[in-house]
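**Q** okay, sequence plus prediction incoming.
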Amino acid sequence: MSPSCAEACGIMRLVDKRFSGIARGVGTANILGRVHSAQIKIGSLFLACSFTVMEGKDVDLLLGLDMLKRHQACIDLSKDKLVIQGVEVPFLGEADIPKNMEEARMDEPTVEGPGGTKIGARSGAISGPSPQQASSSSSTQQSSVGQAVNAQTTRPQALPSFPPEAIEQLTALGFSRGQAINALRACDGNVELAAGLLFQG
């Protein structure tokens, strides 16, 4: 959660500064602290969540895999909805996304994804190739997620090691250990970006 969002929600006073520090992944960001418990309304549900308040993000709030798993959330891409405890919440359409978020994405660094897609390094937003690129490359880009991630990994020397928890989060989503490691390598260890990359395959 961004500091401005925490201020707007009136929970800045709940920030535990003992959990301050620096987040490292794709870039770095200052962590101001942690809110151990606050309610968030999603659809008609009120859910208790914990939040890390962090500077340097272009979005007000990101829901992490840990929170989604805790509340047994399901991202249903066929319905284009987030389903939590039987409550279906539709995703925003392109026209509904606030313009300031779109402008922030314009200069955002990206990570190459499968099928010519690009993943925003800070927001996790996924954008596809242009219609001309899609039509010309659709016949040649039929590789699996593992192959796509292998193809984009250009660090043959020292291979980074990743926390076992990060690998377990991705394998719990149904991907192999190799796919999880390759996706983490492609996303510089960012679990959420790696999951988005794998689901795009």
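**A** Arrived safely. Predicted, not measured: the structure shown is a model, and the values here were computed from it.
**Q** residue boundaries of the strands in this structure?
**A** With DSSP state E, the ranges of strands along the chain come out as 21-25, 27-42, 45-54, 74-76, 81-84, 87-90, 110-112, 118-120, 126-127.
**Q** most tightly packed of the ones you listed?
**A** Ranked by average neighbour count under the criterion mean count of other Cβ atoms under 10 Å, the strands of the chain are headed by strand 118-120 at a mean of 20. Backbone N, C-alpha and C define where each C-beta goes, glycine included.
**Q** quick one on the thing from earlier: mean pLDDT lowest where, among the strands of the chain?
**A** Sorting the strands of the chain by mean pLDDT places strand 126-127 lowest, at a mean of 65.
**Q** identify whichever of the strands of the chain lies nearest to Ile167.
**A** The stretch from these with the least distance to Ile167 (Cβ to Cβ) is strand 21-25; that distance is 15.3 Å.
**Q** tilt between the closest one and strand 45-54?
**A** Strand 21-25 and strand 45-54 are oriented at 100 degrees to each other (axes from the mean of the first three to the mean of the last three Cα atoms, to 10 degrees).
**Q** i'd like the first residue to be 89 from this point on
**A** Okay, using 89 as the starting number, the last item reads as strand 109-113.
**Q** which strands or helices does strand 109-113 pack on?
**A** Under the contact definition 3 or more Cβ pairs under 8 Å, 6 or more residues apart in numbering; DSSP states H and E, strand 109-113 sits against strand 115-130.
**Q** quick one: contacts of the strand it packs on?
**A** By Cβ atoms under 8 Å, 6 or more residues apart in numbering, the list of residues contacting strand 115-130 from outside reads 89, 91, 94, 97, 99, 102-111, 134-145, 170, 172, 175, 177, 197, 209-210.
**Q** go through the strands of the chain and name the closest to Asp154.
**A** Among the strands of the chain, if distance is taken as Cβ to Cβ, the winner is strand 133-142, at 8.8 Å.
**Q** need the contact partners of that closest one.
**A** 89-91, 94, 99-100, 103, 107, 111, 117-129, 149, 155, 159, 172-173, 175.
**Q** before we move on, back to that, distance to Ala254 added to the strands of the chain, as CSV?
**A** Formatted as CSV, the entries for the strands of the chain read as follows, by distance: least, Cβ to Cβ, whole Å:
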stretch, distance to Ala254
strand 109-113, 10
strand 115-130, 17
strand 133-142, 16
strand 162-164, 19
strand 169-172, 22
strand 175-178, 27
strand 198-200, 16
strand 206-208, 17
strand 214-215, 20
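**Q** indicate which one of these is closest to Leu286.
**A** Leu286 sits nearest to strand 206-208 of all those, at 11.0 Å, using Cβ to Cβ.
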